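Undergrad: Okay, sequence plus prediction incoming.
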Amino acid sequence: MTARLRWRKLVSGFMLTLTGVCAAVAVSTLFFILGYLVYHGGTSINWDFFTKLPAPAGEPGGGMANAIVGSAKLLLLGSLFGVPIGFFGGIYLAEFSGSSVAFVVRYAADLLNGVPSIVIGIFAYALVVLPFKHFSTLAGAFALGLMMIPITLRSTEEFLHSVPRALREGSMALGASKWRTIRSVVVPAAYRGILTAILLALARVAGETAPLLFTAFGNRYWSPGLGQPTASLPVMIYTYAISPDEDWHHQAWAAGLVLLALILIVNIFARAILARGSAIPRS
Amino acid sequence: MPSASPEAGSRSFLSRLRNGDEIARIITFIFAATVVLITVLLVLQLWHDSALSRHKFGLHFFATRVWDPIAEEFGALPFMFGTVVTASVALLIAVPLGLGAAIFLAELAPQKVSDSLQFFIDLLAAVPSVIYGLLGIFIVVPLMRSYIQPALKATLGFLPLFQGPAFGVGFLTAGIVLAIMVIPYIISVSREVLLSVPRDQREAALALGSTRWESTWKVVVPFARTGIMGSIFLALARALGETMAVTMVVGNAPNISASLFSPGYSIAAVIANEFTEATGQIYVQALIELGLVLFLLTFILNGLARLLLVVTTQKGSGMGHV
């Protein structure tokens, strides 16, 4: 009996240690990724990377200034398209809609959220690239904006729902209309959470490559306006990484370091906003 | 009077209009309807733009190995094979590791440790797939070619799974990179599900004399198994739809092979590689049909996952009262 008990305790201790090992392995992956990127990217990065255009194939040097600007344009334009739809759609779900309409909208948003990013690329290609007959910043931004909609919509709805009822009633009791209440009381009470969600959505699409392959395409030069194909950091990482050119590999590492640093900083910043105060004031 | 009631109705409508409620309602409704419209449009576009390919090849599309743009003969079998094999390898690695880590975070680690580790897991989930692809090409592939594949061949080489030349790229490598990518999803969702298991379940098991592990493995995990299945389906949907990391390490050769060392291809990877270069309507439509297949697969898996996760939370609260 004691031998049996000792065995069971041994198994328990062993298996529990093993779960700890699993957690350690999972978390250490992040540090491996960071370590490799800092090591390889840090040695390849220089001022030229941020200020120069890509050098012609075979020539050393050059940078990714056009890809950095291209990514910024894609993200800005994408948010201008995706965030309002998600935000106001979320307000409708939380404040105005009946349950059956809400179910349909929610279902559509969840469906959109699960669509593989490459399929989003096909959709944006058919809707924006084909009619204009060439790849463009506009098409890439459309694809990225589409991916921001479901995240913004569902989190806006969720955070508005968690605003206490008493707050709304207080405002209504003062004679404010429903819209006035939403605008001046409910949304301000939930803004931290909504802002966090929008930043996280932005960070998520910032690294998306697949939907840009046949919408924004790529460009080795500046892309003026919105109607031209444009370079972007993720697509540059991809094309440089699969090329045989040693110098391009270094640039891919540098771009990877810049992209990941930006994404992680936005992530940490967004979570800090949420953590700094409770998202919803307690009533 | 017959004319009074519409007038009253319009007056109240006007007054609601004046204080903005009705306008706000209509405008926000338009935004919400846009979401539905876009989603419907996406499904219609995939369906409509693959019509030629669907009619020409029918169900043969899924049973043919030929992918010949010049002869305009297209079959999806090698790509579907590659997608299924890489995703299966990924789950075989990611499920035990992810579940183990989730058990540690939910059952063992003190709240503060658990929360801060979960923070790192969340950051890991935010790493974009092209970064995983980059590390895959330059770190994992050489490692596989020089060490892991030769070692596997030496020890388990009698299995057809681990035979053939070690290229570095291939099903196994893609599966491993995918596993690393989906582990954060399994951990986050499973941890939530495990944390929602009522405390008395654990206490009852411990009171009956079970060890800590026995209470976890025989009571808590079975209680949460529906939700854990949900997390696995979510991870599977991710792995099937993942494009960049797979494209960069799978080898991009339409092989069907028993060996995991063999270079392969996946549905998402072939779309990424060939879509911009596809000439001829039927070629493009065959690629869009592949997109449709991918969409349907992830749609079904995500739906199942959501169903399982909803059932767990309801069952969880229901059982809590018993």
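TA: Alright, I've got the coordinates.
Undergrad: domains of chain B?
TA: B:4-48, B:57-321 (automatic domain parsing).
Undergrad: Ranked by average pLDDT, which of those falls at the bottom?
TA: Lowest mean pLDDT of the domains of chain B: domain B:4-48, a mean of 81.
Undergrad: quick revisit: as JSON lines, the domains of chain B with mean neighbour count and distance to chain A would be great.
TA: Using the backbone N, CA and C atoms, a C-beta is placed for each residue, glycine as well. Listed next are the domains of chain B as JSON lines, based on neighbours: other CB atoms under 10 Å in any protein chain shown; distance: least, CB to the nearest CB, whole Å:
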{"stretch": "domain B:4-48", "mean neighbour count": "15", "distance to chain A": "4"}
{"stretch": "domain B:57-321", "mean neighbour count": "20", "distance to chain A": "2"}
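Undergrad: Tell me who's in contact with A:Ala241.
TA: A:248-249, A:252, B:130, B:133-134, B:137-138, B:248 (CB atoms under 8 Å, 6 or more residues apart in numbering or on different chains).
Undergrad: Over to A:Thr196?
TA: So A:Thr196 contacts A:155, A:270-271, A:273-274, A:279 (CB under 8 Å, 6+ apart).
Undergrad: The helix or strand hosting it: how far from the chain's middle?
TA: Using DSSP states H and E, A:Thr196 sits within helix A:187-206. Centre-to-centre, helix A:187-206 and its host chain are 10 Å apart (CA atoms, centre = their mean, to the nearest Å).
Undergrad: Buried ones in it, by neighbour count?
TA: For helix A:187-206, a neighbour-count test (16 or more other CB atoms under 10 Å in any protein chain shown) marks A:187, A:189-190, A:192-206 as buried.
Undergrad: Would you map the strands across the stretch 151-283 of chain A?
TA: Shown for the stretch 151-283 of chain A, no strands are assigned by DSSP state E, counting those that start in this stretch.
Undergrad: can you tell me the residue of it closest to chain B?
TA: Of all residues in the stretch 151-283 of chain A, the one sitting closest to chain B is A:Gly207 (2.3 Å; CB to the nearest CB).
Undergrad: hang on, the earlier thing: just to be sure, which of the contacts of A:Thr196 are found in helices?
TA: Within the contacts of A:Thr196, residues falling in helices by DSSP state H are A:155, A:270-271, A:273-274.
Undergrad: hmm, who's touching stretch B:273-287?
TA: A:121-122, A:125, A:213-214, A:217, B:49-54, B:56-57, B:61, B:69, B:72, B:74, B:76, B:247, B:252, B:270-271.
Undergrad: start to end distance for it?
TA: Terminal residues of stretch B:273-287 lie 10 Å apart, using CA to CA, to the nearest Å.
Undergrad: again, but for stretch A:157-172
TA: Span of stretch A:157-172 from end to end, CA to CA: 20 Å.
Undergrad: How about that stretch and chain B, touching?
TA: No. With CB under 8 Å from any CB of the partner chain as the criterion, chain B is not reached by stretch A:157-172; the gap is at least 9.8 Å.
Undergrad: Flag the shaky bits of chain A, pLDDT-wise.
TA: Within chain A, the ranges that satisfy pLDDT under 70 run A:1, A:277-283.
Undergrad: again, only using 50
TA: By pLDDT under 50, the low-scoring segments of chain A are A:279-283.
Undergrad: Quick check, central residue of it?
TA: A:Arg204 (1.6 Å; CA atoms, centre = their mean).
Undergrad: just to revisit the earlier point, turn the domains of chain B into CSV, including distance to A:Leu130.
TA: Rendered in CSV, the data for those read as follows (distance: least, CB to CB, whole Å):
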stretch, distance to A:Leu130
domain B:4-48, 10
domain B:57-321, 10
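Undergrad: Between these, which one is closest to A:Ile237.
TA: A:Ile237 lies closest to domain B:57-321 among those, at 5.1 Å (CB to CB).
Undergrad: How far does that closest one sit from its chain's centre?
TA: On CA atoms, centre = their mean, the centre of domain B:57-321 falls 7 Å from that of its chain.
Undergrad: Could you report the neighbour count for the residue of the stretch 51-200 of chain A found nearest chain B?
TA: Of all residues in the stretch 51-200 of chain A, A:Pro116 sits closest to chain B, at 2.8 Å by CB to the nearest CB. By other CB atoms under 10 Å in any protein chain shown, the residues close to A:Pro116 number 25.
Undergrad: residues contacting the residue nearest to it when sequence neighbours are not counted?
TA: Take A:Pro116 and drop its neighbours on the chain: the residue closest to it by CB to CB, 6 or more residues apart in numbering or on different chains is B:Gly241, 2.8 Å away. Going by CB under 8 Å, 6+ apart, B:Gly241 touches A:115-119, B:268, B:294, B:297-298.
Undergrad: Which of those residues fall in helices?
TA: Reading helices off the contacts of B:Gly241 with DSSP H, I get A:117-119, B:268, B:294, B:297-298.
Undergrad: A:Gly98: which of these is nearest?
TA: Nearest to A:Gly98 among the ones in helices among the contacts of B:Gly241, with distances taken as CB to CB, is B:Thr298, at 29.3 Å.
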